[in-house]
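Engineer: Below is the sequence, then the predicted model.
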Amino acid sequence: MDIQKTIDSFAGLRVLIVGDVMLDSYIWGAVERISPEAPVPIINVKKKDFRLGGAANVALNILSLGASPVLCALIGNDDDGKKLTQRLSENNITSEGIVISNDRPTTVKTRVIASHQHVVRVDEESDQNATEAEQKELLSRIEKLLPTCQVVIFEDYDKGCLNASIIENAVALAQKNNIPTVVDPKKRNFLAYQGVTLFKPNLKELREGLKIEVSASNQSQVEQAARALKEKLNAKGVMVTLSEFGVYIDFENAKVKLPAHPREIADVSGAGDTVVSVAALCTALRLEPKIIAALSNLAGGLVCQHVGVVPIDKNELTREAIKEFSR
């Protein structure tokens, strides 16, 4: 297999990403003393930064891999929403699928990092379901944009953008257009993704979604849970990320377990976004399940070596993949 050619083929793909976008705010500093008011560290701020998060980080990953992302999501009519659309513009990501709401704030996650240590995270958000008007507008954008894409990613963070009706309508439209659907789920809509192409939970989401105990080190339990989930969703495939135990995929007629690559882990934030991005592009190219799992697993490990939420580096992934597939 020519892995270079495969990754270069991502460039011809257009990807619709439907889900919860957010702004990742970072405060970087140093701890030099303890507060006299309470036994907490005082952070001397050195730098502040705003990055695209959630479904918007998936869009950054898709862009970094050479493909064209199209976001469909809800943001607030507020300063943070303006910052988010500004970041999209700076990265040449279209905002044509973004719906601005007067009834909810833009989701912001603020991480305070001192001396390379994650000290605290502050969340500003609403997890209320989309209103009827918002849902109607989202579906209108999806109906317009989906047929122009080669794959759909549902990036669900349980913040209210996605619900059963939006999911059902979008999946039906994708099926009608013979466009594959790939899901990065959360708890609220876990079993709503009926008939999707590839469903990608992590182990915690798998346990919560099926309400069963599954040990990552017990191969038989993982296989049984993936098979049960595949049947419940009537999905073509399920890929479960198992953290330090690697990844397991049950897709079409293949069942493959791959180990994790030894890494110096700095931060796992955003790794799931990277995994689903690579998996979706591979699925759009109709690659074999083992290749989908191997490239996704490799990419997820690579971004964990960086502090903060960062997209995958295409050149780094290509170099590592060439080494991996030449063994």
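Structural biologist: Great, that's in hand.
Engineer: mind listing the helices for the stretch 1-150 of the chain?
Structural biologist: 3-8, 55-64, 79-90, 132-145 (DSSP state H, counting those that start in this stretch).
Engineer: can you tell which of these is closest to residue 326?
Structural biologist: Proximity to residue 326, assessed across the helices of the stretch 1-150 of the chain by Cβ to Cβ, is greatest for helix 3-8 (8.4 Å). (Glycine included, C-beta is placed from N, CA and C.)
Engineer: Any regions of the stretch 101-250 of the chain where pLDDT drops low?
Structural biologist: Across the stretch 101-250 of the chain, no stretch falls below the confidence threshold (pLDDT under 70).
Engineer: any chance you could map the strands in it?
Structural biologist: For the stretch 101-250 of the chain, the strands defined by DSSP state E, counting those that start in this stretch cover 108-114, 117-124, 151-155, 181-184, 198-199, 237-241, 247-251.
Engineer: Leaving out the residues flanking it, which one is nearest to residue 33?
Structural biologist: Computed as Cβ to Cβ, 6 or more residues apart in numbering, the closest residue to residue 33 that is not its neighbour in sequence is residue 42, at 5.5 Å.
Engineer: what does the model give that neighbour for pLDDT?
Structural biologist: Residue 42 carries a pLDDT value of 93.
Engineer: That one contacts residue 34, doesn't it?
Structural biologist: Yes: with contact defined as Cβ atoms under 8 Å, residue 42 reaches residue 34; the gap is 6.9 Å.
Engineer: Between those two, point out the one with more neighbours.
Structural biologist: Between residue 42 and residue 34, counted using other Cβ atoms under 10 Å, residue 42 has the larger neighbour count: 14 against 11.
Engineer: returning to that earlier point: please name whichever of the helices of the stretch 1-150 of the chain is nearest to residue 116.
Structural biologist: The nearest among the helices of the stretch 1-150 of the chain, by Cβ to Cβ, is helix 55-64 at 20.5 Å.
Engineer: Quick check: the most centrally placed residue in the chain vs residue 244, distance?
Structural biologist: For the chain, residue 273 is the residue whose C-alpha lies nearest the centre (Cα atoms, centre = their mean; 2.6 Å). To residue 244, residue 273 is 19 Å away according to Cβ to Cβ, to the nearest Å.
Engineer: what about the nearest residue to residue 11 once chain neighbours are set aside, how many neighbours?
Structural biologist: With sequence-adjacent residues excluded and distances taken as Cβ to Cβ, 6+ apart, residue 11 is closest to residue 66, at 4.0 Å. By other Cβ under 10 Å, 15 other residues sit near residue 66.
Engineer: go on, residue 229?
Structural biologist: Look at residue 229: counted by other Cβ under 10 Å, it has 21 neighbours.
Engineer: re the thing from before, could the strands of the stretch 101-250 of the chain go into a markdown table alongside mean neighbour count and distance to residue 95?
Structural biologist: What follows is the strands of the stretch 101-250 of the chain, written out as a markdown table (neighbours: other Cβ atoms under 10 Å; distance: least, Cβ to Cβ, whole Å):
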| stretch | mean neighbour count | distance to residue 95 |
| --- | --- | --- |
| strand 108-114 | 20 | 18 |
| strand 117-124 | 13 | 21 |
| strand 151-155 | 29 | 16 |
| strand 181-184 | 28 | 21 |
| strand 198-199 | 28 | 27 |
| strand 237-241 | 26 | 30 |
| strand 247-251 | 25 | 33 |
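Engineer: among those, which is nearest residue 48?
Structural biologist: Judged by Cβ to Cβ, the one of the strands of the stretch 101-250 of the chain that comes nearest to residue 48 is strand 108-114, at 9.5 Å.
Engineer: Could you check how far the residue of the chain positioned farthest from its centre is from residue 193?
Structural biologist: Using Cα atoms, centre = their mean, the residue of the chain lying farthest from its centre is residue 36. It sits 40.9 Å away. Applying Cβ to Cβ, the value for residue 36 to residue 193 is 52 Å.
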